[in-house]
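Peer 1: Build me a model:
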Amino acid sequence: MAVRLFFAAFVAFAWVLGIGMSTAMPGAWLNDKRAHVADYSKVQLGPVRQSVRLDDGVVGALDRPCGILTVSRHGRRLWRGDLSSIRPWKLVAADVDGGGHREMALGVYKSTRYFPYPHPGLFVYRWGGNGIVPVWRGSNLGEPFVDFAFLPKPNGPAELIAVEVQQNGCRCVAGYHWSHFGFVGDWRHGNWERLKILSTRGGQLSILADGRKLFVSKDGNVH
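Peer 2: The predicted structure follows:
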């Protein structure tokens, strides 16, 4: 009980500092083994140029090779930022925190305070009218991850889906829900050598696992 209370207090302190960590008990956080951390070559890169729709005609666009993020409305540029220092590799839009507005979720590759070597991370921003505002800048999830997506929910925050690398080097798929301090792990399934997210259309998650197309239900069961 004392350990859990300490961990909860630590997460709250990290959130106040704007650091962000998953509130799932992360194996990689407790066992800091650099060989277990997914390197950049394992990351499932998004397209060279990616764009997502937010609210009220606002569009976010990422030029991945340059690390440039642009926000526009109806073709008129509202904001442009150089994010090359955090090496963004994927851009997704979703109602991450359940507030009724779509945020931008960026897969990044950088070192953080508690992981002082480059690794995949997840940063979430909202459009603030004059610039992007950080919602969550996660050091890690439950395990090192190499891809992610969001499953929209009719009411409440979208579900975060992550492809994670386990201690044995194999991959699994994991589901997280948003809490006030970040993402909480709900389920984890699989032990595959190759794993890719195919689609989240219609609220249905499909994956390609060792060459087989599979569907994942809301509770993490694979069929």
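
Peer 1: can you tell me how far the spatially most central residue of the chain sits from Val96?
Peer 2: Central residue of the chain (CA atoms, centre = their mean): Leu122, 4.1 Å from the mean position. Distance, Leu122 to Val96, using CB to CB, to the nearest Å: 10 Å. C-beta here means a position set from N, CA and C on the backbone, and glycine is covered the same way.

Peer 1: Mutual contacts of those two, please.
Peer 2: Ala105, Trp136, Leu160 (CB atoms under 8 Å, 6 or more residues apart in numbering).

Peer 1: doesn't Phe123 make contact with the second one?
Peer 2: Yes. Trp136 lies in contact with Phe123 (CB atoms under 8 Å); the separation is 7.2 Å.

Peer 1: for the record, mean pLDDT for stretch 200-213?
Peer 2: Per-residue pLDDT values over stretch 200-213 give a mean of 93.

Peer 1: Now do that stretch: everything it contacts.
Peer 2: 149-153, 161, 173, 190, 192-199, 214-216, 222.

Peer 1: chain center to the host helix or strand of the residue nearest to the centre of the chain: distance?
Peer 2: According to DSSP states H and E, Leu122 maps onto strand 119-127. On the basis of CA atoms, centre = their mean, to the nearest Å, strand 119-127 sits 7 Å off its chain's mean C-alpha point.

Peer 1: ok, now stretch 145-161?
Peer 2: 9 Å.

Peer 1: How about stretch 40-58?
Peer 2: 12 Å.

Peer 1: Just the terminal-to-terminal distance for it.
Peer 2: Start-to-end span of stretch 40-58 (CA to CA, to the nearest Å) is 30 Å.

Peer 1: How about stretch 215-223?
Peer 2: By CA to CA, one end of stretch 215-223 lies 5 Å from the other end.

Peer 1: please renumber so the chain begins at 80
Peer 2: All set: I'll call the first residue 80, so the last point we hit is now stretch 294-302.

Peer 1: List the buried residues in it.
Peer 2: Residues of stretch 294-302 classed as buried: Val295, Gly299 (neighbour count, 16 or more other CB atoms under 10 Å).

Peer 1: coming back round to it: show me the contacts of stretch 279-292 that map onto strands.
Peer 2: 228-230, 240, 252, 269, 271, 274-278, 293-295 (DSSP state E).

Peer 1: low-scoring pLDDT stretches of the chain, where are they?
Peer 2: By pLDDT under 70, the weakly predicted segments of the chain are 80-116.

Peer 1: what about the spatially closest residue to Asn247 that is not a sequence neighbour, neighbour count?
Peer 2: Counting by CB to CB, 6 or more residues apart in numbering, Asn247 lies nearest to Asn270, which is 7.5 Å off, once chain neighbours are set aside. Asn270: 12 surrounding residues under other CB atoms under 10 Å.

Peer 1: wait, isn't Leu239 in contact with Tyr255?
Peer 2: Yes. Judged on CB under 8 Å, Leu239 makes contact with Tyr255 at a distance of 4.1 Å.
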